[in-house]
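Colleague: Test case, fold it:
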Amino acid sequence: IGIAEQAVRRATDSFERNWLRVRDLEGLPIETLQSIQALDQARREYLRAIVDYNEAQFRLQRALGWPIDLAAAPPPETAEGS
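Modeller: Sure, this is the predicted structure:
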């Protein structure tokens, strides 16, 4: 997760620098587009790392015999009038 966080920070910094260059007419718009795509990819990989970690924690707790207390979870919201 830490590596993915670093990637998001680097991609955000790259985007900001490219955006400023384009805004100041020093860079090409394609550079900003590429940095947006890199930021999107970094954020997706960060989210995937968190989901994978959470799933692994859940599997470990289940394998150790920890009870899964669904009663503690809030009920899903329902649309009234449906």
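
Colleague: can we go C-alpha only for contacts and neighbour counts from here?
Modeller: Will do.

Colleague: Which phi and psi values does residue 66 adopt?
Modeller: phi -70, psi 140 (degrees, to the nearest 10).

Colleague: Around it, count how many other residues there are.
Modeller: 11 (other C-alpha atoms under 10 Å).

Colleague: cool, and residue 44?
Modeller: There are 14 residues near residue 44, going by other C-alpha under 10 Å.

Colleague: ditto for residue 18
Modeller: 23.

Colleague: and after the one helix or strand it maps to, which helix or strand comes next?
Modeller: Assigned by DSSP states H and E, residue 18 belongs to helix 2-23. For helix 2-23, the following helix or strand on the C-terminal side (DSSP H and E) is helix 29-63.

Colleague: what comes up buried for that following helix?
Modeller: 31-32, 35-36, 38-39, 42-43, 45-46, 49 (16 or more other C-alpha atoms under 10 Å).

Colleague: List the buried residues for the helix holding residue 18?
Modeller: In helix 2-23, counting by 16+ other C-alpha under 10 Å, buried: 4-5, 7-8, 11-12, 14-15, 17-19, 21-22.

Colleague: quick one: which of the residues you listed is nearest residue 57?
Modeller: Top of the list for closeness to residue 57, among the buried residues of helix 2-23 and by C-alpha to C-alpha, is residue 4 at 18.3 Å.

Colleague: Return the residues in contact with the residue nearest to the closest one when sequence neighbours are not counted.
Modeller: Excluding the flanking residues, the one nearest residue 4 by C-alpha to C-alpha, 6 or more residues apart in numbering is residue 46, at 4.8 Å. By C-alpha atoms under 8 Å, 6 or more residues apart in numbering, the residues touching residue 46 are 1, 4-5, 8.
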